[in-house]
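Colleague: Everything below, folded, please.
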Amino acid sequence: MSHPVRAPYAADPAASRGREFAEERQGSRGPRSEFQRDRDRIVHSIAFRRLKAKTQVFVAPDGDHYRTRLTHSLEVAQIGRVIARALGLDEDLTEALCLAHDIGHPPFGHAGETALQEATAHAGGYDHNAQGLRTLARLESPYCGHDGLNLSWETLEGLAKHNGPVSAPHWALAEVDRAFPLDLGQWAGLEAQVAAIADDIAYDNHDIDDGLRAGFLQLDDMLTLDVLADQWRAVEARFPGAPRERQLRELVRTQIGLMVNDVIEHTRVQAAGMTSAADVRDAGRPTASFSPGMAVAERTLKRFMYQRLYYHPEQIAAAEAARDVVARLFVAYVQDPTTMPESWLAGLPQDEPGRSRHIADFIAGMTDRYAIEQCRRIYGKAPGGLRNV
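Modeller: Numbers count the residues shown, from 1 in each chain. Model prediction:
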């Protein structure tokens, strides 16, 4: 099978801007490009493995079929590679960005993030995207010669700016940027933009699947959206005798395909005339995007999901319980740092803001399960109201 032709605006691993710390290539492990090395370092990291037990939509679910941050990231990577290949982009860089995009999320997703934001407001606050950069560039340190995974400039830039230029970087991102400038005022390369839109496509549609499974979403309500109703009628016409569960999964697949094809076609138009990755960064606008019509439909779907799923009363109740767990852990470690593991206690700064940031680093790395266990160990009882499926 022939490899796709590299587009002129794709990232070129042979022309990478390098890494923060120089590396000795003698005896390197296999014939891999710089971006393949980045992807592999991410996959082999402890921070990536911990995503298997971190909340995606449902808090600490009992069911094995609900998505976690890890399975979501794998699905984003699959969608991202499809788009990257069709556009002639670097698939390995795209995959690395997709796999790493959620590494900065604390336990319990956005509920945990809110708790850490509030607890560290005096120390600069908490931001999951900036924390992802901090984790990969400073905290995850398996190498003898330097801190962090020492990822390439293009991977760090893509993680920092996949949602667009950053005019007011969070302190964690600013620290990395001072040591290894990432041109925060420009748009990221096209691989990063594809990773961001692949994330939207994945959670827009896979959260429907999980919401239906949990009973929080009802098909009749979903069919009030034209974009879903049209595809549902097409699915019923193609597979009239199929079980409802299979028809619903076909609907999700169809929606993903429509969005992916839309992004590919519209991005090709947007990138027409671009002759380098620098053109993408200098464009002053996103290059990878939905067409105007699909963008409207996607925003409508998001609003529906927030109203019916993310802000469902049971979801809100579970999120409040989760937020309380994280808040109580932070208070416990501030009041009695000896309740932290020795490895974390040994590195605890004496002064602020470093002290609070260190405690937040520890909590942010926890899985849902570990956070619940620590809360039980410190306070003597397990928190209630966390599981809603």
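Colleague: which stretches of the stretch 151-300 of the chain form helices?
Modeller: 153-161, 171-179, 190-214, 219-222, 226-238, 244-271, 277-281, 292-305 (DSSP state H, counting those that start in this stretch).
Colleague: out of those helices, nearest to Lys54?
Modeller: helix 190-214 (14.1 Å; C-beta to C-beta). To be clear about C-beta, it is placed using only N, CA and C from the backbone, and glycine gets the same treatment.
Colleague: now that closest one: how far from the chain's centre is it?
Modeller: 10 Å (C-alpha atoms, centre = their mean, to the nearest Å).
Colleague: Show me what it packs onto, helices and strands only.
Modeller: Applying 3 or more C-beta pairs under 8 Å, 6 or more residues apart in numbering; DSSP states H and E, one finds that helix 190-214 contacts helix 69-87, helix 91-100, helix 153-161, helix 244-271, helix 277-281, helix 292-305.
Colleague: Quick one: closest of the helices of the stretch 151-300 of the chain to Ser356.
Modeller: Using C-beta to C-beta, these put helix 171-179 closest to Ser356, at 11.4 Å.
Colleague: Show me the residue sitting in the middle of the protein in space.
Modeller: Taking C-alpha atoms, centre = their mean, the centroid of the chain lies closest to Asp102, which sits 2.7 Å from it.
Colleague: quick one: what helix or strand has it in it?
Modeller: Under DSSP states H and E, no helix or strand contains Asp102.
Colleague: For it, give its distance to Arg85.
Modeller: Counting by C-beta to C-beta, to the nearest Å, the separation of Asp102 from Arg85 is 22 Å.
Colleague: quick one on the thing from earlier: most tightly surrounded among the helices and strands packed on helix 190-214?
Modeller: The highest mean neighbour count among those, using mean count of other C-beta atoms under 10 Å, belongs to helix 91-100: a mean of 29.
Colleague: Show me what that one is packed up against.
Modeller: helix 34-43, helix 69-87, helix 153-161, helix 190-214.
Colleague: which non-adjacent residue is nearest the residue nearest to the centre of the chain?
Modeller: Of all residues not flanking Asp102 in the chain, Arg69 sits nearest, at 4.9 Å (C-beta to C-beta, 6 or more residues apart in numbering).
Colleague: For the closest residue to Leu74 other than its chain neighbours, give its distance to Leu87.
Modeller: Distances taken as C-beta to C-beta, 6+ apart place Leu99 nearest to Leu74, at 7.4 Å, with adjacent residues excluded. Leu99 is 19 Å from Leu87, where distance means C-beta to C-beta.
Colleague: How about Leu93?
Modeller: Leu93 is 12 Å from Leu87, by C-beta to C-beta.
Colleague: got the contact list for stretch 160-173?
Modeller: Stretch 160-173 has contacts (C-beta atoms under 8 Å, 6 or more residues apart in numbering) with 97, 101, 124-125, 127, 129-131, 133-134, 176-177, 182, 184-188, 192-193, 195-196, 286, 353, 357.
Colleague: Just the buried residues of these.
Modeller: 97, 101, 124-125, 127, 129-131, 133-134, 176-177, 182, 184, 186-188, 192-193, 195-196, 286, 357 (16 or more other C-beta atoms under 10 Å).
Colleague: pLDDT below threshold where in the stretch 1-150 of the chain?
Modeller: For the stretch 1-150 of the chain, applying pLDDT under 70 flags the ranges 1-3, 26-28, 60-62.
Colleague: What is the neighbour count of Asp282?
Modeller: 11 (other C-beta atoms under 10 Å).
Colleague: With Leu219 instead?
Modeller: 14.
Colleague: how close does it get to Gln247?
Modeller: As judged by C-beta to C-beta, Leu219 and Gln247 stand 9 Å apart.
Colleague: tell me which residues in stretch 308-319 are buried?
Modeller: Using 16+ other C-beta under 10 Å as the burial criterion, the residues of stretch 308-319 that qualify are Arg308, Leu309, Tyr310, His312, Gln315, Ala318, Ala319.
Colleague: Which of these fall within helices?
Modeller: Among these, the ones falling in helices (DSSP state H) are Gln315, Ala318, Ala319.
Colleague: Please list all residues in contact with the first one.
Modeller: Residues in contact with Gln315, defined by C-beta under 8 Å, 6+ apart, are Val57, Phe58, Phe216, Leu309, Asn388.
Colleague: Val43: which of those is nearest?
Modeller: Nearest to Val43 among those is Val57, at 23.4 Å by C-beta to C-beta.
Colleague: Now do that closest one against Arg213, distance only.
Modeller: Distance of Val57 to Arg213, given as C-beta to C-beta: 10 Å.
Colleague: overlap in contacts of those two?
Modeller: Tyr66.
Colleague: before we move on, the earlier item: who touches both of Leu219 and Gln247?
Modeller: Trp232.
Colleague: just the CA coordinates of stretch 40-57, formatted as CSV?
Modeller: Extracted in CSV, the C-alpha atoms of stretch 40-57 (Å, rounded to 0.1, in the frame of the first residue of the first chain):
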residue,chain,number,x,y,z
ASP,A,40,5.7,6.6,21.7
ARG,A,41,6.9,8.6,24.7
ILE,A,42,3.3,9.7,25.4
VAL,A,43,1.9,6.1,25.0
HIS,A,44,4.5,4.7,27.4
SER,A,45,4.0,7.5,30.0
ILE,A,46,2.4,6.9,33.4
ALA,A,47,0.3,10.0,32.9
PHE,A,48,-1.2,8.4,29.8
ARG,A,49,-2.0,5.2,31.5
ARG,A,50,-3.8,7.0,34.3
LEU,A,51,-6.4,8.2,31.8
LYS,A,52,-7.9,4.8,31.9
ALA,A,53,-9.5,5.6,35.3
LYS,A,54,-10.4,9.3,34.8
THR,A,55,-13.9,10.6,34.1
GLN,A,56,-14.9,11.4,30.6
VAL,A,57,-18.7,12.1,31.0
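Colleague: in it, what's buried?
Modeller: For stretch 40-57, using 16+ other C-beta under 10 Å, the buried residues are Arg41, Ile42, Ser45, Ala47, Phe48, Arg50, Leu51, Ala53, Lys54, Thr55, Gln56, Val57.
Colleague: Distance check, the residue lying farthest from the centre of the chain against Gln247.
Modeller: Residue farthest from the centre of the chain, counting by C-alpha atoms, centre = their mean, is Gly241 at 37.6 Å. Relative to Gln247, Gly241 is positioned 10 Å away (criterion: C-beta to C-beta).
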